[in-house]
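A.B. asks: I would like the atomic coordinates for the input below:
(one chain, ligands or ions: 1)
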Amino acid sequence: MERFYLENASKYHALVEGLDPLPKPRLTKGKPGPGMIVSARIRPLSKNEGFPSATFPRTSEKNVLDIHDLYNHPRGIPVLRSSDYQVDRLFDSSSTTEEIYEELIVDLVHFAWTGGIGTLFAYGQTGSGKTFTVSRLEELVAETLMKGDLGGEREIYMTIVDLAGNAAFDLLNEREPISLLEDSLGVTQLVGAVEHQVFDVKDMKAQVDRATSFRRTAPTLKNPASSRSHAICRIRISDPVSHSDGFLYLIDLAGSEGARDVAVHGPERMRETRQINISLSVLKDCIRGKAQADVAASETKGNRTQKFPHIPFRQSALTRVLKHVFDPASSRACRTVVIACINPSLADVGPSKNTLRFAEMLRVLVPVTDDIERDDTSAIHWTNAELRKWIEANSGNPPILGSVLAPRESGAQLFNLSSAEIEYRCRKCPGVTLEQAKVFRSKLWQTYISA
Ligand SMILES: Nc1ncnc2c1ncn2[C@@H]1O[C@H](COP(=O)(O)OP(=O)(O)OP(=O)(O)O)[C@@H](O)[C@H]1O
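C.D. replies: Sure, this is the predicted structure:
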């Protein structure tokens, strides 16, 4: 197939240039649900790949991507086959990891700092840029956490482990095997993994580099050092005053390889690929189930008598480790960001389409009512400054401070927080009682409902 693409590269360019400049519009009704953003990042095409780019972000529509494949028609005339995909946020090949951090990840850091659970998944075919993206994001997270301007004292602990099938290894301890055991509360513990307390940026970055050097890699057709395991970097942010922990998970998933890529590597690698694909499939079901549960909870304003979708988090080691992210019984406030990484090369259109289909399946959209679409001044569109003003005027005495907001939190994000999270934040303001926090919470939601 690659030979076919190379031989017909000029034909491909001519067909793409001759396409209708106004592609069929993508009609999606709805906005992303609370607590979940599904994005895609297209990496630049490297010079030595030799194939044309087959991915085309639309200029006329935000966050929509066209992929044009060249089909070897039986009559011998190559034809174009086009498909389009939509995500919540698309980063094209000129985007930097710093931009992705500012738009999507810094909020997760603030969220974890205030006691929430923030999770990032980088997903995609082998060689699509997952490790490149996550490594830089880890450095940027370290810089934010250690800058000292997040407010309050915290202790930071890091654990970095590697999951290959059902086996787990400690990347901060020379890849020593560890056990995944469930404790009496049903939480899967990483027994034997070192939890390293970090005190500055240099120390954090050194731990990340150390973990990278112990990561399991193997050559695939697409990447000479392909990661054949899921790497989980867990950052626990402990508040010594309230004795509560926030968590940040940065997860570089194993490359989703096609059978074609591993066929030359024998039965061991085929088995490994099967295990990776099964765990990715369970992960998809869990992320989607969680997003549906979040939407249902926000629509019923946290009423837990509502029947939530089944989330099969016990079916793989990866999702068992992330129990408090996926367990519907968990009361922890969670936010998740998925970055679907794409190699734009024409030779990779098949895996790229699979990755984008996977990303689309994760999206759970909330219907947008006409009122909300029309009314840009409604409460959920308030800026941070407007929110602070509203909080000051409506929080009673002693006042609940505007600091209950994470620095970049939007109106929609604040209104979608769980009741436990809102009360937890209010209680951190001096003198505020639980009763007052509850009154404030219900005022907040009434404002949201009437918005
Ligand atoms: N945004 C980018 N800009 C420049 N180079 C990139 C970018 N993303 C990836 N690359 C390069 O592409 C190659 C493959 O990237 P990377 O190793 O991150 O892929 P991967 O998805 O983690 O692969 P695997 O799943 O096989 O481990 C690397 O040489 C990396 O430097």
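A.B. asks: so for stretch 38-58, what gets flagged as buried?
C.D. replies: By 16 or more other C-beta atoms under 10 Å, the buried positions in stretch 38-58 come out as 38-43, 45, 49, 51-58. All C-beta atoms are positioned from the backbone trio N, CA, C, and that covers glycine.
A.B. asks: try stretch 243-260
C.D. replies: 245-258.
A.B. asks: cool, and stretch 347-367?
C.D. replies: Those would be 347-349, 351-353, 355-356, 358-359, 362-364, 366, for stretch 347-367 by 16+ other C-beta under 10 Å.
A.B. asks: min pLDDT across the buried residues of stretch 38-58, which one?
C.D. replies: Lowest-confidence member of these: Glu49, scoring 76 (pLDDT).
A.B. asks: hmm, who's touching the strand or helix carrying Arg81?
C.D. replies: Arg81 is located in strand 79-86, with elements delineated by DSSP states H and E. By C-beta atoms under 8 Å, 6 or more residues apart in numbering, the residues outside strand 79-86 that reach it are 12, 15-16, 19, 23-24, 26, 28, 40, 58, 63-71, 73, 353, 356-357, 359-360.
A.B. asks: just those: which are in strands?
C.D. replies: Ala40, Val64, Leu65, Asp66, Ile67, His68, Asp69, Leu70, Tyr71 (DSSP state E).
A.B. asks: who are the contact partners of the residue in the stretch 351-451 of the chain positioned nearest to the ligand?
C.D. replies: The nearest approach of the stretch 351-451 of the chain to the ligand comes at Thr355, 10.1 Å away (C-beta to the nearest ligand atom). Thr355 makes contact with Ala40, Tyr123, Gly124, Gln125, Ser128, Ser256, Ala340, Cys341, Ile342, according to C-beta under 8 Å, 6+ apart.
A.B. asks: verify the stated contact: the last one with Gly127.
C.D. replies: This means Ile342. No. Ile342 lies out of contact with Gly127 (C-beta atoms under 8 Å); the separation is 10.6 Å.
A.B. asks: looking at those two, which one has more neighbours?
C.D. replies: Ile342 (30 against 26; other C-beta atoms under 10 Å).
A.B. asks: any idea what the more buried one is bridged to?
C.D. replies: Ile42 (DSSP bridges).
A.B. asks: for it, list the residues it contacts.
C.D. replies: Here Ile342 is in contact with Ala40, Arg41, Ile42, Arg43, Thr55, Gly124, Ser128, Gly129, Ser352, Thr355, Leu356 (C-beta under 8 Å, 6+ apart).
A.B. asks: one more: Lys62?
C.D. replies: Lys62 touches Leu90, counting by C-beta under 8 Å, 6+ apart.
A.B. asks: please redo it, this time with the cut-off set to 6 Å
C.D. replies: Going by C-beta atoms under 6 Å, 6 or more residues apart in numbering, Lys62 touches no other residue.
A.B. asks: how near is it to Asp92?
C.D. replies: Lys62 is 11 Å from Asp92, where distance means C-beta to C-beta, to the nearest Å.
A.B. asks: Lys205 too?
C.D. replies: Per C-beta to C-beta, Lys205 is found 28 Å from Asp92.
A.B. asks: one more: Phe415?
C.D. replies: 31 Å.
A.B. asks: circling back: between the buried residues of stretch 38-58, which is nearest the ligand?
C.D. replies: Nearest member of those to the ligand, counting by C-beta to the nearest ligand atom, is Arg43, at 3.6 Å.
A.B. asks: wait, the closest one touches Gly129, no?
C.D. replies: Yes. Counting by C-beta atoms under 6 Å, Gly129 is a contact partner of Arg43 at 3.8 Å.
A.B. asks: mean confidence score for the longest helix seen in the chain?
C.D. replies: With secondary structure taken from DSSP state H, the chain has its longest helix at helix 266-299. The average pLDDT within helix 266-299 is 82.
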